[in-house]
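Novice: Structure, please.
(chains A and B)
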Amino acid sequence: MKRIYLRLALILAAASLPGASLAAAKLALPPCSKFPSGKKHVYPWTATLAGGVMSAPLPSNDHSYYYFDFVAAEDAVKTYASAEKFSVVVPPGVAQWKSDYQLFLYGKAEQANGRYYFTGVYAGGSGSDSAEVHRRDTLEIVLSGEYCLDSSG
Amino acid sequence: MHIVLRTIAVCAALLVDFGSHSAASDWPASETGLPNCRRSGEDRVPIAMWWGYISERFDRATPVPPPPMPGGTITYLSLEISQNLLDDPDTLCTTLGEERTFTLKFPNDAKRPESGGMRIHLRGEAGFHLGSCTVSGFYISAPASNIREGWSDIWLRDVEGRIGFYPHYCVVNDKHRPKPAKPRVLPACIGASDIRTPVSVWRPQLTAGGELTSAPPQGDGMIVSIAIDTKRDANRLCAGWDHGHFGFLLPKGASAVTPDGLLVSLLGNETVLPGKCRLFGFYMNEPVFDRSSGLSRTSFSSVNADRLIASGQFCRGPEIPKNGMPAVGKR
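Specialist: Here you go, the predicted model:
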């Protein structure tokens, strides 16, 4: 029963961000080969945050690079004096943590439609009560030829 | 670290200056560690320098800012910047070399700064020396250069050692811009065995009303070769030009790919010709989520063609022939 409520909450959260699903971003990187190629793997991560509900667990420390397609309601995002620093409070319950968890995001984001859109390749790490991710420049990622998109999960 | 290197470079340049004025004039080129570009027949990617002291007072001693540039253009900076130009005045520069952001304004008319000009948004590791912030090293322009309310904006970020320079780059003095040995051309893809990324080609025709007739290829970070010719109106303005970028509408129903219509914005790579304006070159696509106009949107920002070709990561995909348009990928 609890699982049904959680599922319903996630569906409602996603519904309150209609633009998020319509304008899903897709990274134009070559897919990773099944065989070792020496390239850095980028893993997609899609989530929405609205009404205190996060639709997916935060990315784990298992991988170094994630392609964020993360949409957060404007009132859920804290901004700072630096135009390229943001943070959100990730509520407990979605993943392992038991109390509120803070996610700091560095780099450009688009503010539109009452939301913030965090899109791009991010790298960083997480601690016990917060995580910090930095957005990499998309053009440099593309020009370097050192990255591939790993959608295997 | 930058400060130490810079101090050594300054001392070396001053010492050399006792014996040879011409050697001292090589500074700060010598600080870059790159070879000088040849004056002609140069195939490497030229890296410009920007150096001097920048304060809030704009005067003749202020170094001339770099011109608007396509995304991915590398510039070597060796600047001392007044602490008053920090974006966050509560976090001053220190000798530890920490990341700081600056907004540097270069008004077109110093007596009327409200009339606009050039605005550089600089982010990188800054040191502290004799009361000023110091910034030195290689910086890359972000693709989203823009013009708003009379201000041309350029974003510069430090490269953080992410670029392998040798042997593709050389340093250039703006007074002696090298001529390339031959036109730089993106090589054609060689069939299915080619491991390079094919660059999509988009050469849309515009209707008499200036609207698009086909949808662009899209994907975050996708490199696209674009060629569009647009008319100039009675006021000699380029059709589609709006606040620093070009905007073209793909009307509802014109394309099965985006049946609800699409607003396409393009930034950079424009040339004004006698009877028309031409957008021609390499662009990177990025998503736009703003739907305030009721339309889906997407954005293309110009990319430095020299670096794109020198990267060796891309090849030219099949071309779609269009009447009277230049061959895409050739410069």
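Novice: looking at it, B:Ile309 is touching B:Val199, isn't it?
Specialist: No - with contact defined as C-beta atoms under 8 Å, B:Ile309 does not reach B:Val199; the gap is 10.1 Å. All C-beta spots, glycine's among them, are computed from the backbone N, C-alpha and C.
Novice: Touching both of the two, which residues are there?
Specialist: B:Leu186 (C-beta atoms under 8 Å, 6 or more residues apart in numbering or on different chains).
Novice: more crowded one of those two?
Specialist: Neighbour count, other C-beta atoms under 10 Å in any protein chain shown: between B:Ile309 and B:Val199, B:Val199 has more, with 23 against 20.
Novice: Show me what that one is bridged to.
Specialist: B:Arg316 (DSSP bridges).
Novice: which residues does it contact?
Specialist: B:Leu186, B:Ile223, B:Val224, B:Ser225, B:Phe282, B:Phe314, B:Cys315, B:Arg316, B:Gly317, B:Gly329 are the contacts of B:Val199 under C-beta under 8 Å, 6+ apart.
Novice: can you do 7 Å?
Specialist: By C-beta atoms under 7 Å, 6 or more residues apart in numbering or on different chains, B:Val199 lies in contact with B:Leu186, B:Ile223, B:Val224, B:Ser225, B:Phe314, B:Cys315, B:Arg316, B:Gly317.
Novice: which SS class is A:Ser37?
Specialist: coil (DSSP: H, G, I helix; E, B strand; the rest coil).
Novice: which residues are contacting stretch A:58-67?
Specialist: A:27, A:40-45, A:90, A:95, A:103, A:121-123, A:125-126, A:131, A:147, A:149.
Novice: and the residue of chain A nearest chain B?
Specialist: Residue of chain A nearest chain B, by C-beta to the nearest C-beta: A:Ala28 (3.2 Å).
Novice: can you list the domains in chain B?
Specialist: Domain assignment for chain B by automatic domain parsing gives B:2-180, B:197-316.
Novice: Comparing these, which comes out most buried?
Specialist: Mean neighbour counts were taken over the domains of chain B using mean count of other C-beta atoms under 10 Å in any protein chain shown, and the top value, a mean of 18, falls to domain B:197-316.
Novice: Flag every buried residue along stretch A:133-146.
Specialist: A:Val133, A:Arg135, A:Arg136, A:Asp137, A:Thr138, A:Leu139, A:Glu140, A:Ile141, A:Val142, A:Leu143, A:Ser144, A:Gly145 (16 or more other C-beta atoms under 10 Å in any protein chain shown).
Novice: when you check those against the helices, which ones overlap?
Specialist: A:Thr138, A:Leu139, A:Glu140, A:Ile141, A:Val142, A:Leu143, A:Ser144 (DSSP state H).
Novice: Surely the second one is in contact with B:Pro70, unless I've mixed up the numbering?
Specialist: Read it as A:Leu139. No - A:Leu139 lies out of contact with B:Pro70 (C-beta atoms under 7 Å); the separation is 9.7 Å.
Novice: list residues touching both of these two?
Specialist: B:Val303.
Novice: Which of the three states applies to whichever residue of the stretch 1-150 of chain B sits closest to chain A?
Specialist: Relative to chain A, the nearest point of the stretch 1-150 of chain B is B:Asp88 (4.5 Å; C-beta to the nearest C-beta). Following three-state DSSP, B:Asp88 is assigned to coil.
Novice: Can you report phi and psi for the nearest residue to it once chain neighbours are set aside?
Specialist: Closest residue to B:Asp88 apart from its sequence neighbours, by C-beta to C-beta, 6 or more residues apart in numbering or on different chains: A:Ala81 at 4.5 Å. Dihedral pair for A:Ala81: phi -60, psi -40, per degrees, to the nearest 10.
Novice: Relative to A:Gln102, how far out is A:Ala81?
Specialist: Per C-beta to C-beta, to the nearest Å, A:Ala81 is found 17 Å from A:Gln102.
Novice: Next to chain B, which bits of chain A? Give me the list.
Specialist: Within chain A, the positions adjacent to chain B are A:19, A:23, A:25-30, A:81-82, A:110, A:112-113, A:117, A:119, A:137-143, A:145 by C-beta under 7 Å from any C-beta of the partner chain.
Novice: mind redoing it with 6 Å?
Specialist: Within chain A, the residues that sit near chain B (C-beta under 6 Å from any C-beta of the partner chain) are A:19, A:23, A:25-28, A:81-82, A:110, A:112-113, A:117, A:138-139, A:142-143, A:145.
Novice: Now restrict those to buried residues only.
Specialist: Buried among the residues of chain A next to chain B by 16+ other C-beta under 10 Å: A:19, A:23, A:25-28, A:110, A:112-113, A:117, A:138-139, A:142-143, A:145.
Novice: interface residues of the stretch 151-300 of chain B facing chain A?
Specialist: B:Gly219, B:Asp220, B:Gly221, B:Met222, B:Met284, B:Pro287, B:Phe289, B:Asp290, B:Arg291.
Novice: switch the cut-off to 7 Å
Specialist: B:157, B:162, B:197, B:219-223, B:284, B:286-287, B:289-292.
Novice: Could you list the low-pLDDT ranges of chain A?
Specialist: Along chain A, the model assigns pLDDT under 70 to residues A:1-24, A:93-98, A:153.
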